[in-house]
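Student: output the structure for:
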Amino acid sequence: MSAVRPNWQALAALVTGLISLAGLPFTATMGTGASLLVTAIVLVAAILSMLKLRPVAQAIILAVASHFAAWLLIGGLADAFGTAGFGYFAALAASWLLAWRLVTVLSEMKFIAPVAKRTIALIVPAIFGIWILILWEALTRGAGVPFVLLPPPSSIGARIVTSTNILAADFVQTVVKAVLVGYIIGTFSGFLVAVMADRFRFLAAGLLPVGNMVAALPMIGIAPIMVIWFGFDWQSKAAVVVVMTFFPMLVNTLAGLAATGHMERDLMRTYGAGHWQVLAKLRLPVAMPFIFNALKINSTLALIGAIVAEFFGTPVVGMGFRISTEVGRMNLDMVWAEIALAAVVGSLFYGLLALAERIVTFWHPSYR
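Tutor: Sure, this is the predicted structure:
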């Protein structure tokens, strides 16, 4: 029985690693010895990953080799901005292929323990995210991409560390005041109106066409009107968020309330249940997946709406204000720091809603 089990990622990494030997040294400050060390790490790991080793052993070898090689390559760019040759990029591609193989091996692992399954489910996307940053850093610094076009993640991280006070003030102004207030008002009022429209059908007949019309309105047209109406502070941004989140909640809640089958409703009526009892014990639980769908959609709409609304007038604080002013000053690292803050906040917000959805709708077939 053969002890070799080839895979295309390892074969491609092996070929690419060999090609990198024709471009020694990789950078102006990375000597031939260090360049050969990176190539040797890639080649050895590619060969070992084609042997019939245990999946855990393969994962350890691939993780150490791919990330250590990437660390050496990025370290070789110190004081050598824009001096990377084709051998550097070939070695970087080989390291990335090993990381790709690592993700494949981890995804194919079979575990019985739920903790192990959840751990792997977190590690795989983390590796994806780490390698996006590695490739971003290596390519921008290695190819000498102008800072004004795309700063490397290291510069953005340094700006985040040195600007925590500014980012914290912008977070409070945009997220705590505008996004959360507008999100709560918009989603809660949309839910209440949907319940009333379900009870009185003439409301649904009148509001749904209006909702479709408002959903088609451009946000850049609503934002300046709200600034004129409610002023330059966070109240106008919260008003934009209310408009953007109200109708998605209304439409989704109405669709969820209509998802209950006639058989279930007839059964409730045979037991003498009134409208509000049927609503509380049958129709609202069935509508929960639709409601959480609206909550998750609104979580992204609210953040985008508040940031864009700040472009049209705001005090000298806020994420949208900071992005618009720093772009004019060509401080792209600060712009990307604000974008990173928005991405983290949006991801955490969405993740909390997804976790709450899983707890509330545990009975849904998608979670069984």
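Student: okay, CA-based contacts and neighbour counts for the rest of this
Tutor: OK.
Student: what is the burial count for Thr27?
Tutor: By other Cα atoms under 10 Å, the residues close to Thr27 number 25.
Student: same question for Ala121.
Tutor: Neighbours of Ala121 (other Cα under 10 Å): 13.
Student: now it: how far from Met244?
Tutor: 33 Å (Cα to Cα, to the nearest Å).
Student: equivalent analysis for Ile134, please.
Tutor: 36 Å.
Student: looking at those two, which is more packed in?
Tutor: Neighbours were counted for Ile134 and for Met244 using other Cα under 10 Å; Met244 has more, 26 against 21.
Student: that one: helix or strand, and which one exactly?
Tutor: Following DSSP states H and E, one finds Met244 within helix 234-257.
Student: could you do Leu122 as well?
Tutor: Leu122 is part of helix 114-142 when elements are defined by DSSP H and E.
Student: name the residues of that helix that come out as buried.
Tutor: When neighbours are counted by 16 or more other Cα atoms under 10 Å, the buried residues of helix 114-142 are found to be 120, 124, 127, 131, 134-142.
Student: ok so, going back, the helix holding Met244 - contacts with which helices or strands?
Tutor: helix 180-199, helix 201-216, helix 219-230, helix 284-309 (3 or more Cα pairs under 8 Å, 6 or more residues apart in numbering; DSSP states H and E).
Student: please identify the most buried of these.
Tutor: helix 284-309 (a mean of 22; mean count of other Cα atoms under 10 Å).
Student: now the element after it, going C-ward?
Tutor: helix 319-328.
Student: what is the neighbour count of the closest residue to Ile127 other than its chain neighbours?
Tutor: Leaving aside its sequence neighbours, Ile127 sits nearest to Val103 (Cα to Cα, 6 or more residues apart in numbering; 7.4 Å). Under the neighbour criterion other Cα under 10 Å, Val103 is assigned a count of 20.
Student: packing partners for the host helix or strand of Val103?
Tutor: Val103 belongs to helix 86-108 when assigned by DSSP H and E. Packing partners of helix 86-108 (3+ Cα pairs under 8 Å, 6+ apart): helix 8-20, helix 32-48, helix 55-75, helix 114-142.
Student: can we see that at 6 Å?
Tutor: Contact analysis of helix 86-108 by 3 or more Cα pairs under 6 Å, 6 or more residues apart in numbering; DSSP states H and E lists helix 8-20, helix 55-75 as its packing neighbours.
Student: show residues contacting it.
Tutor: Helix 86-108 has contacts (Cα atoms under 6 Å, 6 or more residues apart in numbering) with 9, 13, 16-17, 20, 23, 26, 59, 62, 66, 124.
Student: confidence score at Ala273?
Tutor: For Ala273, the pLDDT comes out at 65.
Student: and for Ala57?
Tutor: The confidence metric pLDDT takes the value 89 at Ala57.
Student: just give me the neighbour total for it.
Tutor: 13.
Student: that one and Pro248, how far apart?
Tutor: The separation that Ala57 has from Pro248, given Cα to Cα, amounts to 49 Å.
Student: helix/strand/coil for Phe145?
Tutor: Slight slip there: residue 145 is Val, not Phe. Here Val145 is recorded as coil under DSSP: H, G, I helix; E, B strand; the rest coil.
Student: let me know the secondary structure of the nearest residue to it once chain neighbours are set aside.
Tutor: Nearest residue to Val145, sequence neighbours excluded (Cα to Cα, 6+ apart): Gly82, at 7.4 Å. Assigned state for Gly82: coil (three-state reduction, three-state DSSP).
Student: surely Gly82 and Gly144 touch.
Tutor: Yes: using Cα atoms under 6 Å, Gly82 is in contact with Gly144, at 3.6 Å.
Student: more crowded one of the two?
Tutor: Each of Gly82 and Gly144 has its neighbours counted (other Cα under 10 Å); Gly82 has more, 18 against 14.
Student: quick one: contacts for that one?
Tutor: 141-144.
Student: nearest to Ile185, of the residues you listed?
Tutor: Distance to Ile185 across the contacts of Gly82 (Cα to Cα) is lowest for Arg141, with 45.4 Å.
Student: neighbours of the closest residue in space to the closest one that isn't next to it in sequence, how many?
Tutor: Closest residue to Arg141 apart from its sequence neighbours, by Cα to Cα, 6+ apart: Phe81 at 5.4 Å. The burial count assigned to Phe81 is 18, neighbours taken as other Cα under 10 Å.
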